[in-house]
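Trainee: just coords:
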């Protein structure tokens, strides 16, 4: 009998389990807590025609410039400290993928509907805007209790969720060390399968801790695999260990105009990524986000 | 008090958007001017205002803008994004935002300009504007008052909702739709004309109604008497200086002009 509670695998193993045409949700937010080691592996892979569901940052930008995206479900794409994501802008303006552009709150309701096996959840957000014009599949519904009309935000059903956490054990328990846990738990609950990369694999006993337990939102039963990837969120932030690498993000952003192939060969394809981007001490010294 | 910049004048004028707010409103302040405006309100007439540190925590005291390596935020709670989205619909929030375009209905654009399938300009995306605008009080800031920002017809992609009855089921506005003021480099506008028409509320020193109208893509309502935007007080300028130690306010408007125009000559 195989041990179902040993979910350790490699980042490459996670990406090998993905298939063309899948709908993939990506945790984190903008330039924070993104599973970038997994994203880089997808960029290197032959995967294609993906529907990407993300509160977007350079995860979306890299997948866009790598030609992986068939459809993007998003509210924004930003690098936080750098407001505009150049790769996303270039690809979106070129019409390289279809979009479902929705309000941030509608986005979370879509995940929550999927998590609860509902077709939709109602909200007011979206009324009166072009979100409804450009998403004719999103319907409104009359309240059965009054004359109010609501947007019926459809479930965002995911094949796979990908998230980066600070610590995980081999069972799939995980601790998010950064202050905001964002919507990682809802991505995982909306997906058939979830995979986590983590800064470090720890013993389960490491989670027997009152402080950590408050920041462990993901049920391990949702998690199909965990991969150790130290600095796996770089160049995005992963509090409390490191902030975002603004200089790297600026250089990356500039490659939307020229030099993307060079970026891929120098960084995405590197087997010594940490050294390539300045080393462990450099990454640990990056200040945490402040706005 | 006449020795102040246009940025300082506009910050103080913007603080007035909170004058009639509920005592414990959650203010969402995005950008240097909205933050400093909110801080003046909190420190002078709205001490119960709730505000975030811009990342995750509720701050019990304003957090200075710009780099603050030695500053420790005084936290009084947490306000992560899931919590924000959960309380947006309850309504007790005032979002002070900086969209790229606004039209005569108060509809805003933060998404893209041009053909939606292949936009000429792609910006951020609609973000939380659809939800904010139908649930919360909304005020706006434009650093450059011109016809590309305050546009004729409707904005290119309506990301934030406004007072356009044709866009609602039954033509009825959502209960939470409540646009307040627009602060620009020329004036303060509000939505207090007939049927929420946009009206000139005050003109910054030396600016005429005609100049504002010439730089606006839609027709503005002109009250009989338009006041001049109030001078900042020394107490307000002190609060601004305290929370903007790096003088980021000098970059709010191009060339950081003085508050009273005549002095520019």
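Mentor: Alright, I've got the coordinates. Just so it is clear, the model here is predicted, and its values are computed rather than measured.
Trainee: Closest approach to chain B from the stretch 151-291 of chain A, which residue is it?
Mentor: Chain B sits closest to residue A:291 of the stretch 151-291 of chain A, with a gap of 3.3 Å, by CB to the nearest CB. Backbone N, C-alpha and C define where each C-beta goes, glycine included.
Trainee: Let me know whether that residue touches residue B:52 as I believe.
Mentor: No - with contact defined as CB atoms under 8 Å, residue A:291 does not count as touching residue B:52 (9.1 Å).
Trainee: Just want to know which of those two has more residues nearby.
Mentor: For residue A:291 and residue B:52, the more surrounded residue by other CB atoms under 10 Å in any protein chain shown is residue B:52, and the numbers stand at 22 against 14.
Trainee: dump the residue contacts of that one.
Mentor: For residue B:52, the contact set (CB atoms under 8 Å, 6 or more residues apart in numbering or on different chains) comprises B:28, B:58-59, B:79.
Trainee: Could you check how far residue B:136 is from residue B:96?
Mentor: Per CB to CB, to the nearest Å, residue B:136 is found 10 Å from residue B:96.
Trainee: Also residue B:185?
Mentor: Residue B:185 is 16 Å from residue B:96, where distance means CB to CB.
Trainee: Of those two, which one has the most company?
Mentor: Neighbour count, other CB under 10 Å: between residue B:185 and residue B:96, residue B:96 has more, with 25 against 21.
Trainee: How many neighbouring residues does the closest residue to residue B:193 other than its chain neighbours have?
Mentor: Using CB to CB, 6 or more residues apart in numbering or on different chains and skipping residues adjacent in sequence, the residue nearest residue B:193 is residue B:221, 3.7 Å away. Close neighbours of residue B:221, defined as other CB under 10 Å, add up to 15.
Trainee: I'd like to check which residues are in contact with residue B:221.
Mentor: B:193-194, B:197-200.
Trainee: Then residue B:151?
Mentor: With contacts defined as CB under 8 Å, 6+ apart, the neighbours of residue B:151 are B:101-103, B:217-218.
Trainee: how about the strands in the stretch 51-200 of chain B?
Mentor: Ranges of strands within the stretch 51-200 of chain B are B:51-52, B:57-59, B:75-78, B:93-97, B:101-102, B:108-109, B:112-113, B:121-122, B:137-142, B:178-184, B:187-190, B:199-203, based on DSSP state E, counting those that start in this stretch.
Trainee: Can you classify residue B:213 by secondary structure?
Mentor: Here residue B:213 is recorded as helix under DSSP: H, G, I helix; E, B strand; the rest coil.
Trainee: Below-threshold pLDDT in the chain: ranges please.
Mentor: I'll assume chain A. For chain A, applying pLDDT under 70 flags the ranges A:1-2.
Trainee: To clarify, I was referring to chain B.
Mentor: In the predicted model of chain B, residues B:1-2, B:262-265 satisfy pLDDT under 70.
Trainee: So which residues of it form helices?
Mentor: Taking DSSP state H as the criterion, chain B carries its helices at B:6-15, B:32-44, B:81-88, B:129-135, B:209-214, B:234-243.
Trainee: Redo those as JSON lines? Include distance to residue A:12 and mean neighbour count.
Mentor: Converted to JSON lines, the helices of chain B look like this (distance: least, CB to CB, whole Å; neighbours: other CB atoms under 10 Å in any protein chain shown):
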{"stretch": "helix B:6-15", "distance to residue A:12": "52", "mean neighbour count": "25"}
{"stretch": "helix B:32-44", "distance to residue A:12": "44", "mean neighbour count": "24"}
{"stretch": "helix B:81-88", "distance to residue A:12": "31", "mean neighbour count": "18"}
{"stretch": "helix B:129-135", "distance to residue A:12": "39", "mean neighbour count": "30"}
{"stretch": "helix B:209-214", "distance to residue A:12": "60", "mean neighbour count": "14"}
{"stretch": "helix B:234-243", "distance to residue A:12": "48", "mean neighbour count": "17"}
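Trainee: Just put the ones you listed in JSON lines and tack on distance to residue A:259.
Mentor: Below are the helices of chain B laid out as JSON lines (distance: least, CB to CB, whole Å):
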{"stretch": "helix B:6-15", "distance to residue A:259": "37"}
{"stretch": "helix B:32-44", "distance to residue A:259": "32"}
{"stretch": "helix B:81-88", "distance to residue A:259": "33"}
{"stretch": "helix B:129-135", "distance to residue A:259": "33"}
{"stretch": "helix B:209-214", "distance to residue A:259": "43"}
{"stretch": "helix B:234-243", "distance to residue A:259": "40"}
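Trainee: Tell me if stretch A:218-236 is near chain B.
Mentor: No - judged by CB under 8 Å from any CB of the partner chain, stretch A:218-236 and chain B are separated, with a smallest distance of 13.5 Å.
Trainee: Residue B:211 against residue B:186, yeah?
Mentor: Yes - Residue B:211 lies in contact with residue B:186 (CB under 8 Å); the separation is 6.7 Å.
Trainee: for the stretch 151-291 of chain A, what spans make up the helices?
Mentor: Assigned by DSSP state H, counting those that start in this stretch, the stretch 151-291 of chain A shows helices spanning A:184-190, A:210-213, A:246-254, A:260-263, A:273-276, A:280-285.
Trainee: Show me the two of the contacts of residue B:52 that sit farthest apart.
Mentor: B:28 and B:59 (12.7 Å; CB to CB).
Trainee: what's the span of stretch B:248-261 from first residue to last?
Mentor: Using CA to CA, to the nearest Å, one end of stretch B:248-261 lies 21 Å from the other.
Trainee: Which neighbouring elements make contact with the longest helix seen in chain A?
Mentor: The residue-count maximum for a helix in chain A (DSSP H) belongs to helix A:104-115. If you count contacts as 3 or more CB pairs under 8 Å, 6 or more residues apart in numbering or on different chains; DSSP states H and E, helix A:104-115 packs onto strand A:69-74, strand A:120-123, strand A:149-154, helix A:184-190, helix B:81-88, helix B:129-135.
Trainee: Adding distance to residue A:166, write these out as JSON lines.
Mentor: Formatted as JSON lines, those follow (distance: least, CB to CB, whole Å):
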{"stretch": "strand A:69-74", "distance to residue A:166": "25"}
{"stretch": "strand A:120-123", "distance to residue A:166": "30"}
{"stretch": "strand A:149-154", "distance to residue A:166": "31"}
{"stretch": "helix A:184-190", "distance to residue A:166": "11"}
{"stretch": "helix B:81-88", "distance to residue A:166": "18"}
{"stretch": "helix B:129-135", "distance to residue A:166": "30"}
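Trainee: can you state the direction angle for the longest helix of chain A and helix B:81-88?
Mentor: Following axes from the mean of the first three to the mean of the last three CA atoms, to 10 degrees, one obtains 100 degrees for the angle between helix A:104-115 and helix B:81-88.
Trainee: Flag every residue of the stretch 1-150 of chain B that's near chain A.
Mentor: B:53-57, B:67-69, B:78, B:80-82, B:85, B:88-89, B:107, B:111-112, B:116-131, B:133-135.
Trainee: and those residues, which are buried?
Mentor: Listed as buried from the residues of the stretch 1-150 of chain B next to chain A are B:53-57, B:80-82, B:85, B:88-89, B:107, B:111-112, B:116, B:119, B:122-131, B:133-135; burial here means 16 or more other CB atoms under 10 Å in any protein chain shown.
Trainee: Quick check: the nearest residue to residue A:49 once chain neighbours are set aside vs residue A:218, distance?
Mentor: Residue nearest to residue A:49 in three dimensions, not counting chain neighbours: residue A:70, with 4.3 Å by CB to CB, 6+ apart. Using CB to CB, residue A:70 is found at 27 Å from residue A:218.
Trainee: more crowded one of those two?
Mentor: Higher neighbour count among residue A:70 and residue A:218: residue A:218, with 26 against 16, using other CB under 10 Å.
Trainee: Nice, that's everything, thank you.
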